[in-house]
Structure formats: C-alpha cells, structure tokens
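let me see the structure of the following:
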Amino acid sequence: MEKKEIYEKLREHVRQDVKIPFSVKLISSQELEMLSTKIFGYINLYEAKTVEDTNYNISERLNRIEEKIDAILDMFLLQQHGFFNLPESIINLSGGGLSFISDKHYNKGDFLEIKMLLPEPTPVGVITYGEVVRAEKKEGKTEIGVKFIKLNEKERDFIIRFVIYKERQKLRGKNLQ
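Model prediction:
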C-alpha cells in the first residue's frame with residue numbers, strides 16, 4: 001500500500017482531540033506476537049437487554065441489581081489494572097489510530113503498547129497496540145502518529161463511540177454559546 005493510501009485509510013474515521021488518562025510503552029515485535037487488545041469496564045453498555053414477560057418487575061429489578069454489581073466490578077478491574085493512575089494527556093484519537101506529543105522519541109516502525117481510559121459515557125479501559133507511522137520533531141518534542149494493530153471491529157467500536165460522544169459534546173457546547 002502506498003503512503004497516500006495508508007494516510008487516507010487512517011483518515012476514514014472521525015478524529016477528535018481529547019484529554020484522557022493515557023500512556024505508551026515501547027515493545028518488541030516478538031512481544032507483539034503474543035499480545036492482544038484487552039477491554040476493561042462496562043462493555044455491555046450498548047448491548048440490548050432482554051427481559052422475560054413473566055415476573056417482569058422482579059426480572060427488571062434483578063437486572064438493575066446485576067448492572068450495579070457489574071459496574072462496581074468493572075470499576076474494580078479498572079483500578080486493578082492501573083487505569084485511574086495514568087497521567088492525563090491530550091491526544092488526537094480515531095478508530096484507526098492516534099497521535100500525541102511525546103518527550104521520548106520513537107521511530108517509524110516501532111511498536112507501542114497503548115493504555116488509555118475512555119472515561120465517558122461510562123469508563124472503559126483499553127490496552128491495545130499500534131505501529132508508529134509518523135515521528136516528527138517539533139520544538140524539542142516529537143509528534144507521534146500511531147496506526148492501531150491487533151484491534152478487531154468490536155474493540156474499535158468502543159473507541160469510535162467515545163470519539164463520537166466527545167464530538168457530540170463539543171457540538172452541543174457550541175450550540176449553547
């Protein structure tokens with residue numbers, strides 16, 4: 001694939017500048033082979049709920065209790081995996097990748113482990129992987145462009161939903177002014 005085709009493919013997703021808990025770590029290609037994306041948090045948020053017709057009130061109440069327990073357990077998992085301790089950074093995020101300003105220099109072709117907390121509408125922690133496709137020096141720092149790899153469509157949907165949610169918030173804010 002040519003450079004222009006890769007760039008346009010990455011741009012097929014909505015992009016948004018967001019300030020979120022975020023970190024990256026350089027990994028080797030051997031490590032990458034053994035790893036896969038992991039999602040933590042309230043991942044059933046967008047799935048349809050089914051309630052049996054019999055004993056509707058009891059079933060509905062039990063579903064609400066189960067949802068609350070799941071939410072508590074999800075927050076516990078996020079805490080356990082260190083998502084609440086990540087430093088906040090401004091990144092440009094899309095379903096295809098992200099870019100960020102770094103004090104560290106990474107080279108084109110490097111592989112990164114990306115850990116981020118998508119805090120809204122409900123907190124979702126993501127540990128995924130990407131390949132550096134751009135590294136440009138700017139005023140003593142480096143702007144890094146990363147293409148997501150090892151990310152299936154369901155996992156990508158969490159990122160896209162978050163980006164669209166943030167875009168919607170931004171547009172609502174403009175309409176209120």
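
in the biggest strand by length in the chain, what's buried?
The strand that spans the most residues within the chain, counting by DSSP state E, is strand 124-138. Neighbour counts over strand 124-138 (16 or more other CB atoms under 10 Å) mark 124-135 as buried. All C-beta atoms are positioned from the backbone trio N, CA, C, and that covers glycine.

could you do stretch 76-93 as well?
78, 81, 83, 86, 89, 91-93.

what sits up against that stretch?
Contacting residues not belonging to stretch 76-93 are listed as 15-23, 40-41, 98-101, 115-117, 123, 125, 127, 159, 162-163 [CB atoms under 8 Å, 6 or more residues apart in numbering].

residue boundaries of the strands in the protein?
In the chain, strands defined by DSSP E lie at 16-27, 38-41, 88-93, 97-102, 111-118, 124-138, 141-149, listed in chain order.

direction included, what does the second one pair against?
Right, the one you point to is strand 38-41. strand 124-138 (antiparallel) (DSSP bridges).

can I get the buried residues of stretch 76-93 in JSON lines with distance to A71 and pLDDT?
Listed next are those as JSON lines, based on distance: CB to CB, whole Å; pLDDT from 0 to 100:
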{"residue": "L78", "distance to A71": "11", "pLDDT": "76"}
{"residue": "H81", "distance to A71": "16", "pLDDT": "78"}
{"residue": "F83", "distance to A71": "15", "pLDDT": "84"}
{"residue": "L86", "distance to A71": "20", "pLDDT": "89"}
{"residue": "S89", "distance to A71": "26", "pLDDT": "94"}
{"residue": "I91", "distance to A71": "26", "pLDDT": "95"}
{"residue": "N92", "distance to A71": "29", "pLDDT": "96"}
{"residue": "L93", "distance to A71": "24", "pLDDT": "95"}
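
what residues are up against the most centrally placed residue in the chain?
Of all residues in the chain, the one closest to the mean position by CA atoms, centre = their mean is I159, 4.4 Å from it. Counting by CB under 8 Å, 6+ apart, I159 touches 93-95, 118, 126, 148, 151.
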